[in-house]
Structures are given as structure tokens and as C-alpha cells.
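1. show me how the following folds:
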Amino acid sequence: FTNKGVWYLAGYSSDDGIRKLWRIECNRWTTIAEKDISNIEASGDNKYVFAVSEGAVLVFDPAKYNSYVTIAPADPAKEYTGIAFDDKSMILYVSEKAAGYIARFTGEGRDWHPLETMRYTKLDGPTTLRFALGKLYVKEEVVDAIAYAPMTGSAHVQWAYAGLPSIEGDDGFTAAPDGFLYYRKDVDSVYRVPLENPVGPGELYAGGCGCGLAPHQVCSSGNGNLVNYKPTGGIVMQDYFEGPDFRFLNWCGDHCATATGGSANTTAHSDHLSSMTTKSPSSPYIHELCDFLDPGSYYEAWQ
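-> You can find the predicted model right below:
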């Protein structure tokens, strides 16, 4: 997402099987590039889309078709995996899964250069990165944990750890500007904990009613991505059910608009996303499948 809600999606088209990067506004899909991309992050001002593509770190100019430069070439000894961008400091963070460190880059336009790598404490297979409220959050694949630390500009960082249960899927968490860390628990629910005290399980945010497409149900299949929706500070959930079909779920509240991207679950298969398709919230009642919910549990309803 950009700060104004423009969103970017990477995946492949079921029409031709070509892997692409799209910009999506309402029901209009614009192809930005034809690349095999495994992770993306858009800058808030919509000037850049950063990506990991076949092991290399790239930056795209979304105003021009197939316009990109390589920030860092693929390196099996490092294995670039996750990315996060701090708009304020203009620092791009990239996880080195094989090496166990976090690389940093900065720049402008087509000129990007490396900063000192964060090597003070080695991480166990860092993958997904999220940046929120001045802190970087890292998913460690080996130990299935979330490490976090404030980013002060120094490469010497001491990581703390969130006390959370096992997280479903590599991309099944995000740290959001609303002050919460959201994560997928089991295969049918999203929970959240305060960033100031990230100890779980926390409170139920969505789902928890079995895997499916009925009201109050989510079904991540281990692949569902959680992404910050920058205009409101909340999140969007990418949700899988069966096969290649997927949907995007967002609690609209006062920011609700008409549903967008109506053909999203048939025109493209998404691996990673940087925005959403909205779904209108249903009336706030407990569905019959949710009779087992603990009294006082926080939940959102979806259609």
C-alpha cells in the first residue's frame, strides 16, 4: 500500500501464466513489470516498489513499464528474502535468510547503495520483515519466533522477542501503525497483541470459526498474507480457501468503499501483496459457528 491506498500485487496471471507486478486502483489492473517476484513493498509516496526477484533486490519505478534497477544481485550465501522500507529515514531493510543478518540500503531515484549490515546479533533464518512505529520486526524461520528492535540508524542492534504461539505461514504476521501486532494462529483465525507488550495469544481479531468462506470464517491454508493498510493504520488479510482462489478482507469501518477488484480471485494468483480488495463488514453479531468464542473476545465480521 501507498499512503493514499494505491496497492501493488505480485503473482501470475491465469490467462497466460506470466509472472507480473500490477498496480491496482478500483477495478483497473495496470501491469508494471513482467518479473518473477517473491516479496514486495511500496513506498508511501508511490515513487518506488521494492522487490526480491529470483534472489536479487530490485527497485521499480511504477510510473514506467518494466523500469527497474538492481540494488543487490542474488547471492546464495545471503539469500535475500524479506523486505521492509522506512519512508522517514529512506532505509530499505532486507533479510539475509542464509547468513542470518539484515542488510540495509538507502538512496534515491535509480541510485541506491548499501549501508552497514546489521551483524551485531545473528538471527535464525530471518524471512518476513515488517516496519512500524520506528521498530523492525523479523520472522525467524528456524525457531518460529518474532524478533524486534528499534531502528535508530545504527547497525548495532540488540533484538528482543515477542512471546507468541506458532505463527501460520511465512507471511502470517504484521506490525501495524495502529499499535498492534497481528498474526495468524492455526488455520482459521487472526489474533492481535499490543506492540508495547507483544505477548500472546492476545485477542481474537477475525475468524476462529473453522476454515471456510461463511461469515466470521477465514482460511489461510498457511499462505495468507497480512499487510498494513497505510491510509487507516489497520490491516488487510489475504485469504485462501481452495486451489488458486483467494480474497482480500478488510474491516472498512468509516473508510468503507464499494468492493473493488471484483475479478481478483479469477484473474491472478497472488503470492505476496501490498494492498487490498475491500469486503463490506456484516452486522456485528455472533454467528452460530462461533458459539464457542470466549465472552468478551474481540472479533470482526466479514461478508
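2. name the residues of stretch 195-203 that come out as buried.
-> Across stretch 195-203, burial judged by 16 or more other CB atoms under 10 Å covers 195, 198, 200, 202. For glycine as for every other residue, the C-beta is placed from the backbone atoms N, C-alpha and C.
3. among those, which pair sits farthest apart?
-> Within these, 195 and 200 form the most distant pair, 12.6 Å apart (CB to CB).
4. hang on, the earlier thing: just put the buried residues of stretch 195-203 in TSV and tack on distance to residue 117.
-> As requested, the buried residues of stretch 195-203 are exported to TSV (distance: CB to CB, whole Å):
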residue	distance to residue 117
195	25
198	25
200	30
202	32
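5. which one of the residues you listed sits closest to residue 77?
-> Using CB to CB, the buried residues of stretch 195-203 come closest to residue 77 at residue 198, 31.4 Å.
6. and the helices in the stretch 151-300 of the chain?
-> 264-267 (DSSP state H, counting those that start in this stretch).
7. okay, now the unreliable bits of it?
-> Applying pLDDT under 70 to the stretch 151-300 of the chain flags the ranges 215, 221-223, 241-246, 250-300.
8. now do 90
-> The stretch 151-300 of the chain contains residues with pLDDT under 90 at 165-172, 185-190, 200, 204-300.
9. how close does residue 62 sit to residue 89?
-> Distance, residue 62 to residue 89, using CB to CB, to the nearest Å: 21 Å.
10. which of those two has more neighbours?
-> residue 62 (21 against 14; other CB atoms under 10 Å).
11. so the more buried one: helix, strand or coil?
-> The assignment at residue 62 comes out as coil when based on DSSP: H, G, I helix; E, B strand; the rest coil.
12. ok, it touching residue 43?
-> No. Residue 62 lies out of contact with residue 43 (CB atoms under 8 Å); the separation is 9.4 Å.
13. which residues are in contact with both of these two?
-> By CB atoms under 8 Å, 6 or more residues apart in numbering, residue 62 and residue 43 have these common neighbours: residue 49.
14. residue closest to the middle of the chain?
-> residue 227 (3.6 Å; CA atoms, centre = their mean).
15. for beta bridges, what are the partners of that one?
-> For residue 227, the beta-bridge partners under DSSP bridges are residue 236.
16. and it, how far is that from residue 83?
-> To residue 83, residue 227 is 13 Å away according to CB to CB.
17. state the distance from residue 175 to residue 63.
-> Going from residue 175 to residue 63 by CB to CB gives 29 Å.
18. these two: who's more crowded?
-> Neighbours were counted for residue 175 and for residue 63 using other CB under 10 Å; residue 175 has more, 27 against 10.
19. now that one. Nearest residue, chain neighbours left out?
-> residue 132 (3.9 Å; CB to CB, 6 or more residues apart in numbering).
20. so the one you found sits against residue 182, correct?
-> No. Using CB under 8 Å, residue 132 is not in contact with residue 182, being 10.6 Å away.
21. common neighbours of those two, please.
-> Shared contacts of residue 132 and residue 182, counting by CB under 8 Å, 6+ apart, come down to 174-176.
22. quick check, nearest of those residues to residue 101?
-> The closest of the shared contacts of residue 132 and residue 182 to residue 101 turns out to be residue 175 (CB to CB; 19.9 Å).
23. counting neighbours, what do you get for residue 153?
-> With other CB under 10 Å as criterion, residue 153 counts 9.
24. again with residue 11
-> By other CB under 10 Å, 19 other residues sit near residue 11.
25. could we number from 27 for the rest of this?
-> Let's use 27 as the start, then, which means that last one is residue 37.
26. tell me which element it falls in.
-> Residue 37 belongs to strand 33-39 when elements are defined using DSSP states H and E.
27. could I get the average pLDDT for that strand?
-> Throughout strand 33-39, pLDDT has a mean value of 87.
28. how about stretch 108-120?
-> 97.
29. quick one: contacts for residue 76?
-> So residue 76 contacts 66-69, 83-86, 97, 109, 111, 118 (CB under 8 Å, 6+ apart).
30. excluding its backbone neighbours, what's nearest it?
-> Using CB to CB, 6+ apart, the closest residue to residue 76 is residue 67 (4.8 Å).
31. number of residues surrounding the one you found?
-> Neighbours of residue 67 (other CB under 10 Å): 25.
32. contact partners for it?
-> Per CB under 8 Å, 6+ apart, neighbours of residue 67: 75-77, 109-111, 300.
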